[in-house]
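In: Need a 3D model of the following:
(one chain, ligands or ions: 2)
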Amino acid sequence: MLKVAVIGAGSWGTALANIAAENANCTYLWVRRRKLADEIIKTHENRLYLPGAKISTEINISTNLEQVVSKADIVIMAVPSHAVRVMAKQLRYYLKNDVVVVSASKGIELDSFKRMSQVLAEELYNGDNKNLVALSGPSHAEEVIRNLPTAIVAASSNQHAAEMLQDALMNTNFRIYTNTDIIGVELGGALKNVIAICSGISDGLGFGDNSRAALMTRGITEIIRLGIALGAKPETFSGLSGIGDLIVTCSSQFSRNRKAGMKIGQGKTVKEITESTNMVIEGFNTTKATFLLAKKYGIEMPITEQAYLVLFEGKNPAAAVNSLMNRVGKHEHEDTISQNFFIR
Ligand SMILES: NC(=O)C1=CN([C@@H]2O[C@H](COP(=O)(O)OP(=O)(O)OC[C@H]3O[C@@H](n4cnc5c(N)ncnc54)[C@H](O)[C@@H]3O)[C@@H](O)[C@H]2O)C=CC1
Ligand SMILES: O=C(CO)COP(=O)(O)O
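Out: Ligands and ions are numbered 1, 2, ... in the order given. Below you'll find the predicted structure:
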């Protein structure tokens, strides 16, 4: 029996721990706050993050990091991306040698612009990523906890590590594909949150399905552009962690990024929204990091740029839409066309 340790008892960590336990792994869930841990132990429910869903009684709930992580075969990091480095520093002393460490967080580190597996590699393995896996794809915890059919992707440069996670978590309602393009899978999962905020802004402004579809389609185009510059394979973005996650996050009733965008469209600020929720809205930091990354690499990302101006420079959302719609006309496949010397 494998020991699976999940770090972070927010919505995603709780849902993943539930799957691990239901798949008969010896499962531990690390909870940051004693009060929440006691409540979950008593009620078998995480009322703060997944109210109304009973979780497996087989999950060992603990606030003791050493107890949770030591001797674990698989450690799943499910804290917000801004907490990944700090948590990795704390748990590295307890890891056994051949442990597989999984990043389930979707974000880019501010300042360093690093993906989560890069942060983990630095903190745990002196930069080596051979025991690291990124888990990503269209998977709202609220549906996973109800065992609604879901398909996601486990990416690693080490196929054996990705398959170990696949074997541990896959079941009839939770299908896991493997992929070796960890760069593309992580970027797809992080960058779709920027477009999901824009999709929410569009809804908040009272726009329709056409606008959302346009944002999703042109959004994936700019994600691919940056992804290629950072070493990702273009085909990864047509997969679960690319277009798949983009579709779900831009249209789901559960997406916190989309809901935050709706509030921005209705006139609320990033500060007001962040202060009004206990849940993480990864897309805020990711918008800032992506805007700066695009500038650094000279990549054209007009939607991300307008999102940045609205979120952090006080630009009016309607004016941002005007800026996007009134740009000079272009060929839809301008990037490919210019590579083939067919520029008009
Ligand atoms: N909720 C979902 O459906 C999915 C979430 N994710 C990703 O998983 C990650 C975690 O998200 P959620 O579980 O949804 O977040 P959440 O907002 O539901 O919960 C966050 C959890 O992290 C803990 N936490 C917050 N700050 C911390 C810190 N400084 N140190 C240690 N722990 C801290 C909180 O106590 C809480 O347990 C995010 O990167 C998110 O993008 C990925 C796929 C699905
Ligand atoms: O990544 C997710 C679903 O795949 C969760 O998205 P939100 O953080 O917007 O809820």
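
In: Would you report the backbone torsion angles of V101?
Out: With angles defined as degrees, to the nearest 10, V101 sits at phi -110, psi 130.

In: gap between it and N129?
Out: Between V101 and N129 the distance is 10 Å, computed by CB to CB, to the nearest Å. Every C-beta, even on glycine, is put in place using the N, C-alpha and C of the backbone.

In: And M164, by the same measure?
Out: 15 Å.

In: the strands in the stretch 151-300 of the chain, which residues?
Out: Ranges of strands in the stretch 151-300 of the chain, per DSSP state E, counting those that start in this stretch, are 174-179.

In: and it, which residues reach ligand 1?
Out: M279, V280, E282 (CB under 6 Å from any ligand atom).

In: follow-up on the earlier one: who's more crowded, V101 and N129?
Out: V101 (27 against 21; other CB atoms under 10 Å).

In: still on that earlier bit, put the buried members of the residues of the stretch 151-300 of the chain next to ligand 1 into a ChimeraX selection.
Out: To isolate the buried members of these in ChimeraX, using 16 or more other CB atoms under 10 Å:
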select :280,282
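
In: any idea which of the residues of the stretch 151-300 of the chain next to ligand 1 is closest to M216?
Out: E282 (17.8 Å; CB to CB).

In: my read: the closest one touches E109, true?
Out: No - if you go by CB atoms under 8 Å, E282 and E109 don't touch, sitting 11.5 Å apart.

In: Could you pull up the residues touching the residue of the chain found nearest ligand 1?
Out: The chain approaches ligand 1 most closely through G10 (1.8 Å), counting by CB to the nearest ligand atom. The contact partners of G10, taken as CB atoms under 8 Å, 6 or more residues apart in numbering, are Y49, A78, V79, P80, M279, V280.

In: Mind doing that once more with 6 Å?
Out: Y49 (CB atoms under 6 Å, 6 or more residues apart in numbering).

In: any low-confidence regions in the stretch 201-344 of the chain?
Out: 337-344 (pLDDT under 70).

In: Leaving out chain neighbours, which residue sits closest to L2?
Out: D73 (4.4 Å; CB to CB, 6 or more residues apart in numbering).

In: Many thanks, I have nothing further to ask.
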